[in-house]
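> let's see this in three dimensions:
(one chain, ligands or ions: 1)
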Amino acid sequence: MDRVMDEQSVRETVMTTEITPQPGIMDIELYVGGKAIVEGVSNVVKLSSNENPLGPSPAAREAFREQADFMAVYPNSDHSGLRKAIATIHDLDAQKIVVGNGSDEIITFLCQAYAGQGDEVLFTEHGFSMYRICALAAGATPVEVAEKDRVTDVDALIEGCTENTKIVFVANPNNPTATFVSVEELARLADGIPETAVLVLDGAYAEFVDGYDGGAALVEERHNVVMTRTFSKVYGLGGLRVGWAYAPQTVIDVLNRLRGPFNVNRAALAAAEAAVKDRGYLDYCLAENAKWGEFLVSELRGIGIACDDSAANFVLARFESESEADAANEALAQNGLIVRQVKGYKLPDCLRITIGQGGDCARVISVLKAFKEGVA
Ligand SMILES: Cc1ncc(COP(=O)(O)O)c(C=O)c1O
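Below you'll find the predicted structure:
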């Protein structure tokens, strides 16, 4: 046989041996995390990831430390302790709770389980980035539906559904807009989408809305509604990666088949269980957030920066233009305040600012005031 391959055969060999990912995967844009440092600037405060500025409950810290003696031991694979604690606090059925490595993991499982090639996954115009990523990773088609002045538009979502719609994601409150729609609106949405589609109510920020159950009652009433929640926001455990879902038993059975048996580590499980039981600390964090959130919104408006009322632990500040938002972002960074640009969320003229501690909020206002007056 001729040992020297001609050009054509070389090309064919390369093509047949090339490894290629599944369709959709190369359409996913690489995640760019929020910055945590500014070169040459000290006393930096990170207000870009909606973390709890007060950190987790002291009981959660203690529970985490205790697990240092058990690192060699695998975690409980059915998460029964944490599920029971969540069920007791929220008055839910522990059998219908599944725990994930952050709610991101649950969003991933939902797409993997219910959407594939030819299926559509709906979410709102300024919706959370993981919906698109997970839909593409599952080979499905992401479909973006317009919001009405930065608020979820239930009618548009219903109209956006087709026979191919398999999942509808709604974050309520929404990130990065911080707006909220009522439970009645969510019920209308659940009634309006195809019965063969799953409605996922993402309640990552549900705790910040007094009296809101995150959609739990809707889960009880329907066969196709799922609620997701997280320990990353008000509970201050973002670094540990714990989220959970409340869903009909049929969905729980599906998700439990997809998740690895040890998907959440034992320190994270112990800390989350202690955190959810510490209602006093939760109330303290919520009160602080409400106080400084109101301060931030009213002061921003006072210096001529528009923003909606916040139903979460962040505020979306709207500037006159993209270039003004860029310049304000730079002024904040140079003064040690890292906030989030949200161009990827189709909000190029906005900055998302996590509600920090009182002193952080005062610093944000003082820098933006000077910026608006042309002296920052
Ligand atoms: C709306 C929304 N959903 C889900 C998440 C994911 O949270 P985690 O994976 O940390 O539980 C976030 C995090 O920013 C979010 O904003």
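
> rest of the way, CA atoms for contacts and neighbours
Fine.

> what's the next secondary structure element after the helix or strand bottoming out on mean pLDDT in the chain?
The least trusted helix or strand in the chain, going by mean pLDDT, DSSP states H and E, turns out to be helix 7-17, with a mean of 61. Of the helices and strands lying after helix 7-17 in sequence (DSSP states H and E), the nearest is strand 45-46.

> by contact count, what packs against that following strand?
Using 3 or more C-alpha pairs under 8 Å, 6 or more residues apart in numbering; DSSP states H and E as the contact criterion, the secondary-structure elements in contact with strand 45-46 are strand 337-338.

> based on its surroundings, how many neighbours for residue 159?
11 (other C-alpha atoms under 10 Å).

> interface residues of this protein facing the ligand?
Proximity of the chain to the ligand (C-alpha under 6 Å from any ligand atom) is limited to residues 102-104, 128, 171, 174-175, 202, 204, 230, 232, 238, 241-243.

> among the residues you listed, which lie within helices?
Judged by DSSP state H, the subset of the residues of the chain next to the ligand located in helices is 103, 104.

> what sits against the closest residue to residue 358 other than its chain neighbours?
Excluding its sequence neighbours, the residue lying closest to residue 358 (C-alpha to C-alpha, 6 or more residues apart in numbering) is residue 292, at 6.0 Å. Residues counted as contacts of residue 292 (C-alpha atoms under 8 Å, 6 or more residues apart in numbering) are 355, 356, 357, 358, 361.

> buried ones in the longest helix seen in the chain?
If each helix of the chain is counted by residues according to DSSP H, the longest one is helix 279-302. Taking 16 or more other C-alpha atoms under 10 Å as the neighbour-count basis, helix 279-302 is seen to contain the buried residues 281-282, 285-286, 288-290, 292-293, 295-300.

> what's the answer for stretch 29-44, then?
Buried-residue list, stretch 29-44, by 16+ other C-alpha under 10 Å: 37, 38, 44.

> wait, the last one touches residue 38, no?
It refers to residue 44. Yes: the pair residue 44 / residue 38 is scored as a contact, 7.2 Å apart, by C-alpha atoms under 8 Å.

> where does the prediction get shaky in this protein?
1-16, 376 (pLDDT under 70).

> helices along that one, start to end?
Here the chain has its helices, by DSSP H, at 7-17, 58-66, 80-90, 103-114, 129-137, 154-160, 183-192, 216-221, 249-258, 266-277, 279-302, 322-334, 358-372.

> would you mind giving the ones you listed as TSV with distance to residue 74 added?
Shown next, in TSV, are these (distance: least, C-alpha to C-alpha, whole Å):
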stretch	distance to residue 74
helix 7-17	40
helix 58-66	15
helix 80-90	14
helix 103-114	20
helix 129-137	28
helix 154-160	43
helix 183-192	39
helix 216-221	31
helix 249-258	18
helix 266-277	7
helix 279-302	28
helix 322-334	42
helix 358-372	40
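
> that concludes my questions; thank you for your assistance.
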